[in-house]
Each structure stands twice: as C-alpha cells, then as structure tokens.
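In: Pasted the sequence and its predicted model underneath.
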Amino acid sequence: METPLIEFKNVTKRFGQLTVLDQADAKIYEGEITTIIGLSGSGKSVFLKHIIGLLNPEDGAVLFRGKPLDEMKKKERDASLAQISYMFQDNALFDSMTIYENVALPLRETTNLSKAEIDRRVMTRIEQMELSEAAFKYPSELSGGMQKRAALARALVTDPRIVLFDEPTTGQDPVRENAILSMVAENRKKFDFTAVLVSHAIPEVYFISNRILALYDRKIVFQGSPEEFENFDHPLKNEIRNSLEELQEKLSGLYAKRQFKVRYHTELQSGALQETYAVLVFTLKDMDTFVSKLGHEAIQKILYSMGSFIDKHFSAVGGFSARFGADEFVTALPYSDVKEAGAILDSFVEDFQGWGSRNILSWDGTEEAPHVYPEFVVLAGIAEGKPIERMGDVIEFARKQQKEICRLRCRATGVDR
C-alpha cells in the first residue's frame, strides 16, 4: 500500500487546559489536493501548523514519507520541512515591498543563491503567474485576484513539493471563491505539488479535491473522497447541509449536488416504475485553456451565468439542475424521454446563442480578462433512464453522448466582433 506523504498518528495538541487535537489520525498522499473541513474553532489551522513544523504535538507523531519528524536529525528535519510552503489566509504580502521583493523574500531569507539566480527564479514565477506588468508595483496597487496570484508566486518560488493553503477563499464572493480554487487546481497540475487546504468553501471545494479530511470534536472523523463524504452519516453533516442551502441561493436557484440527488430519489424514484426521465449533461469544453486566456475570475463569471441560464430554461419545463464539477452541469427532466429532451435542448441552444452573445461573452477589460478572443464551446449529451436505474449510470451515459451544441467567440466590451 502507498506510503502517505504526510501522516498523523494519534496526534494530541493542548494549549494549557484546552485540548485542540485529541489522538488525531490522518493521511495525506502525494500529488493530490486534500481539503480539511470542520466547524469554526475545530483545530484546522492548528492541524496545518503541525505539518509545517510551527507546532509540535504533546503526544503522537507527525510522519513525513513514513518517518516521524521528531526522530529525524536536525539536518534531515530541516530538509523535509524545506519542501513545504505556506500560503496565508490574507495573502500576508508586505505593503512596503514591491511584488518582486515579496516574491524574492523566501529565497533571500532561506538560501545562499546569487542575486542573478534569485532574479531569474523570481521573474520566472512572476511571469508564470502573469504578473510581469505588476512586478514593481506595491500590493495596494493590485486587485484582489492579482494579490492572490502574487502570494502564490511567493509560495512557489522555492519549488516546494507541498503547498499549504489556510482558508484561501475567506471573505470572497461565490465567483471569486471559485476563481481562487480554480487557480489552486490549475497550478497544482502545472507545478506538480501536493496541496493541502483548510477551507469553508463547501461544496465548491469538492470540485477540485481528491481527498477530504473532516475534523470534529478534536478528532479526524472522516477521510476519503468527496463522493464518499456525501454518504457519511455524522453530526458534522448539519454544517454541510446548511452550506449547501446557502449555495443554492448563491447560484441563483441551482441545486447543489447533494440536493439534486435527494430530489432525484424523491421525485423520480417515487413515480411509476414504467415512467422514463431524461438527463442532460452540459460541459464547457477545454476549460483549462479558456482559463489561461481569460483568467480564473472571468471563467467563473461565465460559469455562474451559464449555470443560471441552464436552471432558468429547464426549470420552466419542470427540470432541475446542479453543478456537478468545475466545468459541468447536469439537468434532470422528470417524465420525459430522449426525443422530448432533444426538442427542449434545441430550444435551449437557440436561446443560449442569443443570450450568451449579449451577456457571458463580454468583459470589462480588467487584468483578469486580457484582450484575446477565444471561442466558447459548450457540449451536451442526453440519456434516458427509469427510476429503478442508478443515477450515476444514466449521467455517465449522457456524458458519452456529448457533442458540440454551441460555439461563440468572446469579445471585449465596446469592441466590435
């Protein structure tokens, strides 16, 4: 069995009489995005600080590649912890330093590299984060999105194998929450690091996470995939349900994935067994390419608008929809079949082309959306099912039937197409 990159074994942490972690066990695997969730004050940030060595447990052990940190010699421990970087909740950029100086700081403080080598590494990361024009500006001169990218450039400048993110989406609106999470996921793939997040952005964070760790009553009460967490029966789920209800409002009436499943079972499976229904799966094609051209915030605005339009169109004919992934929406049409769903889809495409060109295919020319003109391509697939069939099987079949239904070219506001 694969050795975890980081493992907590019976870790207990106390601050005076207060026990924050009580015999906590957890496993974090290399190359994955692991998200730590839990109630406020449950010890999530304390957990994170044990990984980076800022805190040490009273009892138990934190292992790095199977070896306890407290059994390592100082040189080995320092080398292990040097592979870890930390991105703070509020970015923690120094206001008196330029973006270049902020990004260079870890190299200046922790290495003996030459000035020329530091300059090369810093400018490489700044260019990769598309911050070249902002390199010698101060944080106060940048937008919130650019500040996040600068903080990530600083976290990545030492070429870490692990990056810890402490509440990266706190205080952000739904569009920016998803933009930040999209940035984390894209750069994890680009730079091949292991990501560990503490996040309240539920369930949006599920779209990018490979593994969920749930903290409750000072212990890790769950660790597994987001899909497995949906079936986890525990008091902690009350917080999750509340978050899902809030998400429904955030996404202008779109059902959260869990709510979608509940309605699926109550509405479709309670009907006569011979009744059919239709499922449609919509995907924004090549989202990663689209993000690279328009930026994370622009793509989330487009997905927000796209989800709202899908919901509005299909709810008018008795359907219900949910966002199932970073680039995917699923709609169920009770008491329908492929033929009828196809006709409804044709009507949707006609409306979407007209509405989309007026709304989601323009932007205001901010730094998050440079003057490029990528094509916005939507795929859709339809499948027919019966209430006795597994929802996942019907959705997967609809995915396999996907074909292009819409292709529109983006434009900058005020610029003729």
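Out: Everything's here; your move.

In: Show the subsequent helix or strand relative to the helix or strand bottoming out on mean pLDDT in the chain.
Out: Within the chain, judged by mean pLDDT, DSSP states H and E, the helix or strand with the poorest mean is strand 362-363; its value is a mean of 47. Scanning forward in sequence from strand 362-363 by DSSP states H and E, the next helix or strand is strand 375-385.

In: Given that next one, what are its sheet partners and their directions?
Out: The strands that strand 375-385 pairs with in its sheet are strand 277-284 (antiparallel), strand 403-409 (antiparallel) (by DSSP bridges).

In: and the last one, average pLDDT?
Out: Taken as a whole, strand 403-409 carries a mean pLDDT of 82.

In: quick revisit: dump the strands paired with strand 375-385 to JSON lines, plus distance to residue 114.
Out: Placement of C-beta: from N, CA and C, glycine included. As requested, these are arranged in JSON lines below (distance: least, CB to CB, whole Å):
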{"stretch": "strand 277-284", "distance to residue 114": "45"}
{"stretch": "strand 403-409", "distance to residue 114": "47"}
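
In: show me where the chain has helices.
Out: Under the criterion DSSP state H, the chain contains helices at 44-51, 74-81, 99-110, 115-128, 144-156, 174-191, 226-230, 237-250, 257-263, 287-294, 296-315, 338-358, 391-400.

In: which helices and strands does the last one pack with?
Out: In this case it means helix 391-400. For helix 391-400, the helices and strands in contact under the criterion 3 or more CB pairs under 8 Å, 6 or more residues apart in numbering; DSSP states H and E are strand 277-284, strand 375-385.

In: between the last one and helix 287-294, how big is the angle?
Out: In this case it means strand 375-385. Taking axes from the mean of the first three to the mean of the last three CA atoms, to 10 degrees, strand 375-385 and helix 287-294 form an angle of 150 degrees between their directions.

In: what separates strand 375-385 from the chain centre, distance-wise?
Out: Here the centre of mass of C-alpha atoms in strand 375-385, compared against the chain's by CA atoms, centre = their mean, to the nearest Å, lies 23 Å away.

In: Check stretch 208-222 too.
Out: On CA atoms, centre = their mean, the centre of stretch 208-222 falls 16 Å from the chain's centre.

In: contacts for it?
Out: Counting contacts by CB atoms under 8 Å, 6 or more residues apart in numbering, the residues outside stretch 208-222 that touch it are 8, 19-26, 28-29, 32-39, 42-44, 47, 181-182, 184-185, 197, 206, 223-226, 228-229, 232, 234-236, 326.

In: Also stretch 125-136?
Out: Contacts for stretch 125-136 (CB under 8 Å, 6+ apart): 98-100, 103, 123, 141-142, 146, 149-150, 152-154, 156-157, 190, 295, 367.

In: now those residues: which count as buried?
Out: Taking 16 or more other CB atoms under 10 Å as the criterion, what is buried in these is 98-100, 103, 123, 142, 146, 149-150, 152-154, 156-157, 295, 367.

In: In this structure, which residue is most central in space?
Out: Most central in the chain under CA atoms, centre = their mean is residue 181, positioned 3.5 Å from the mean C-alpha point.

In: Quick check: which of the strands paired with strand 375-385 is buried the most?
Out: Most buried of the strands paired with strand 375-385, by mean neighbour count (mean count of other CB atoms under 10 Å): strand 277-284, with a mean of 24.

In: Check residue 110 and give its pLDDT.
Out: pLDDT, residue 110: 86.

In: cool, and residue 350?
Out: At residue 350 the predicted local confidence, pLDDT, stands at 84.

In: And residue 91, by the same measure?
Out: The score at residue 91 is 79. That number is its pLDDT.

In: I'd like to know how far it sits from residue 394.
Out: 43 Å (CB to CB, to the nearest Å).

In: May I see the buried residues of stretch 59-69?
Out: 60-64, 69.

In: what would the residues you listed look like in JSON lines with pLDDT and distance to residue 342?
Out: JSON lines is the format used below for the buried residues of stretch 59-69 (pLDDT from 0 to 100; distance: CB to CB, whole Å):
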{"residue": "60", "pLDDT": "94", "distance to residue 342": "58"}
{"residue": "61", "pLDDT": "94", "distance to residue 342": "59"}
{"residue": "62", "pLDDT": "94", "distance to residue 342": "56"}
{"residue": "63", "pLDDT": "94", "distance to residue 342": "55"}
{"residue": "64", "pLDDT": "94", "distance to residue 342": "55"}
{"residue": "69", "pLDDT": "90", "distance to residue 342": "59"}
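
In: I'd like to know how far residue 100 sits from residue 107.
Out: Here the criterion is CB to CB. By it, residue 100 lies 11 Å from residue 107.

In: Would you mind listing the residues touching both of these two?
Out: With CB under 8 Å, 6+ apart applied, the overlap between the contact sets of residue 100 and residue 107 consists of residue 122.

In: wait, residue 31 sits on residue 189?
Out: No. In this structure, residue 31 sits apart from residue 189 without contact. The criterion is CB atoms under 8 Å, and the distance is 9.7 Å.

In: Could you measure from the closest residue to residue 11 other than its chain neighbours over to residue 77?
Out: Nearest residue to residue 11, sequence neighbours excluded (CB to CB, 6 or more residues apart in numbering): residue 60, at 3.9 Å. Shown here: residue 60 relative to residue 77, a distance of 17 Å by CB to CB.
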